[in-house]
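>>> Quick check, what structure comes out for this input:
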Amino acid sequence: MIFITSYNRPKMLLSLLKELEGERITVIDDGSEYNPEEHTEYCTYIRTPHRGKFGFWMQWELMFAIANQRDDNEFVFMPDDITEIEIDKMRADYEAGTCLNILIVGGAPAWFDGTYVDCGFMCDRSVLKALDFEIKPILPKRFTKDYISSGVGEQLSRRFGNKGIKMITPYRPYAHHGAHESKMHPIERKRNPLIC
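Coordinates of the predicted model:
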C-alpha cells in the first residue's frame, strides 16, 4: 500500500499517480484548494483540514490508523513532489523489518547520531507495529524558528532507533526530487536548495 502526502500540487500529484497506476494508493491531502475529481480515478483520496507543518504529524496519525486497519504487509510513504520512482527496485532491495529511505543519500542531520528516516520510506507491518501504529503529537513549542521542520522524521527516527529498527540509506535515491518550491519550508528551501 502506498501513502502520498499532498498539498496544492495537483499537476505533480496527478503525474505521480499516473506513474504508479495499478498500485493501491491513498492520498492524504492537507486541505488543498482544487477539485480532485481527476485524481480520484487513481487512488483513495482523503482531504483533511489544512494544518501545514505544525499539524503534519496528524497526517501521519491518519496514515498509520488506515495502515493498521488494512491487511497489507508492505507500506510506502512518499511526498507528492517526486518523479521517476523505482518502486520495483525498492521492492527488490527491501530487507524485512527495516525502513528503506526513498530519497535520502547524505549523512545524518545534527539531531540524530547515526542513520535516520525521512518522510519518504518503505517498511513492512512489523515496523509500524513496533510503534503501535502511532505517531505522538508534535507540540507547538517546537516551532520557534521559521526553518524548523515538522518533526515527523525526527520522531520516527528516534523511535525506530530506540526499537532497534534499521534505517537504510540507499547509495542513490529511488526517485527524483526536483528543486521546485517547497510548500512546507519555502524560506528554508531558498536558503538551502535541495540537492537533487
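>>> gap between the two ends of stretch 90-101?
End-to-end distance for stretch 90-101: 9 Å, by CA to CA, to the nearest Å.
>>> And it, what's buried?
Applying a neighbour-count criterion of 16 or more other CB atoms under 10 Å, the buried positions in stretch 90-101 are 90, 94, 98-101. Glycine gets a C-beta too; all of them are placed from N, C-alpha and C.
>>> which one of those residues sits closest to residue 122?
The closest of those to residue 122 turns out to be residue 100 (CB to CB; 4.5 Å).
>>> How about the contacts made by the closest one?
Listed by CB atoms under 8 Å, 6 or more residues apart in numbering, the contact set of residue 100 reads 90, 93-94, 121-123, 168, 170.
>>> Now find how far off-centre the longest helix along the chain is within its chain.
Longest helix in the chain, counting residues (DSSP state H): helix 56-69. The chain centroid and the centroid of helix 56-69 are separated by 11 Å, computed with CA atoms, centre = their mean, to the nearest Å.
>>> Averaged pLDDT, it. What do you get?
For helix 56-69, mean pLDDT is 97.
>>> What about residue 148? Give its phi and psi, please.
Backbone torsions of residue 148, given as degrees, to the nearest 10, read phi -70, psi 130.
>>> Could you report the pLDDT at residue 148?
80.
>>> Skipping adjacent residues, who's closest to it in space?
residue 142 (6.2 Å; CB to CB, 6 or more residues apart in numbering).
>>> Grab the most central residue of this protein for me.
Nearest to the mean C-alpha position of the chain, counting by CA atoms, centre = their mean, stands residue 119 at 3.2 Å.
>>> tell me the SS of it?
Three-state call for residue 119 (DSSP: H, G, I helix; E, B strand; the rest coil): coil.
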